[in-house]
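Participant: Next one to model:
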Amino acid sequence: ILLTDSLPILANFGLRVIEQVSEDIELSDNEGAFIMDSFKVQAQDGDSIDLVERGEDLAEALRMVLMGTMENDLLNRLLLRAGLKAREVDMLRAYINCARQIEAYFPLESTRRVWVDHPEAAQLTTRLFHVKFDPDLTLPKGKDRASLLETCHSGVKAYLGNVESNAEDRVLRTVWNLAD
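Facilitator: Sure thing, here's the model as predicted:
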C-alpha cells in the first residue's frame, strides 16, 4: 500500500503519522522479499492512546479496511475514542445508515461527526445492542436482561439530558430509537 493511501486510513482512525520507516525484508531460502512500513503515530486530538491495549483491535480494523470489508470513514475513530471493536463500529454505522434512510435530516458527514464527538453515546448504544441481542452475554448475578435494559435506558436518558445541541440530540436519539 502506498503512503498516500495509508495516511487517510490512519487519519480516519484518529491517528497522525509522525514518522514512517520502510524496511526491506528478505525471506529465508530466497522465498522472496517484501517491504514493511512502520509508523510512529499520535492521536490527532491530543488524547493518549494505549496501543498496547488497543493494538490488536486496531490491527484487525486496519486489516478489514485494507481488505474492503470495513468502510474507511470518520466513524473508525470510535475504535480508539470509545474503545469499540471493528464489528461494533460497523453495527453503529449500520444503524446510522438505516436512520438516514428513515430521517435524512442531516448530511452524512455531520452525522458521523456527531457520533465521533459523543464517544460515550457510542458506548451506550453498543451496550444496548449487546444486552438486547448477544446470546453469549454473561449476566451479573441477580440480574436479568430486563434489569440490564433498564440500566441502559437510564444511561441513555441521562446522557441525552446533557446534550446541549438540539441537532446532535436528534441525531443520537434517532439511532437510539432504532436500536431500542
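Participant: so which strand or helix has Leu62?
Facilitator: helix 51-67 (DSSP states H and E).
Participant: That helix: which residues count as buried?
Facilitator: Along helix 51-67, the positions that meet the burial threshold by neighbour count (16 or more other C-beta atoms under 10 Å) are Asp57, Leu58, Ala61, Leu62, Met64, Val65. Placement of C-beta: from N, CA and C, glycine included.
Participant: which residues make contact with the helix or strand of the chain with the lowest mean pLDDT from outside it?
Facilitator: In the chain, the helix or strand scored least confidently by mean pLDDT, DSSP states H and E is strand 33-43, which has a mean of 81. Applying C-beta atoms under 8 Å, 6 or more residues apart in numbering, the contact partners of strand 33-43 are 1, 3, 6, 10, 14-27, 49, 51, 80.
Participant: Of those residues, keep whichever come out buried.
Facilitator: The buried subset of the contacts of strand 33-43 - by 16+ other C-beta under 10 Å - is Ser6, Leu10, Gly14, Leu15, Ile49, Leu80.
Participant: Take these and keep only those in strands.
Facilitator: Among those, the members found in strands (DSSP state E) are Leu15.
Participant: Which two among the buried residues of helix 51-67 are spaced furthest apart?
Facilitator: Greatest spacing in these, by C-beta to C-beta: Asp57 and Val65 (12.7 Å).
Participant: Which positions in stretch 161-173 come out as buried?
Facilitator: Residues of stretch 161-173 classed as buried under the neighbour-count rule (16+ other C-beta under 10 Å) are Val163, Glu168, Asp169, Val171, Leu172.
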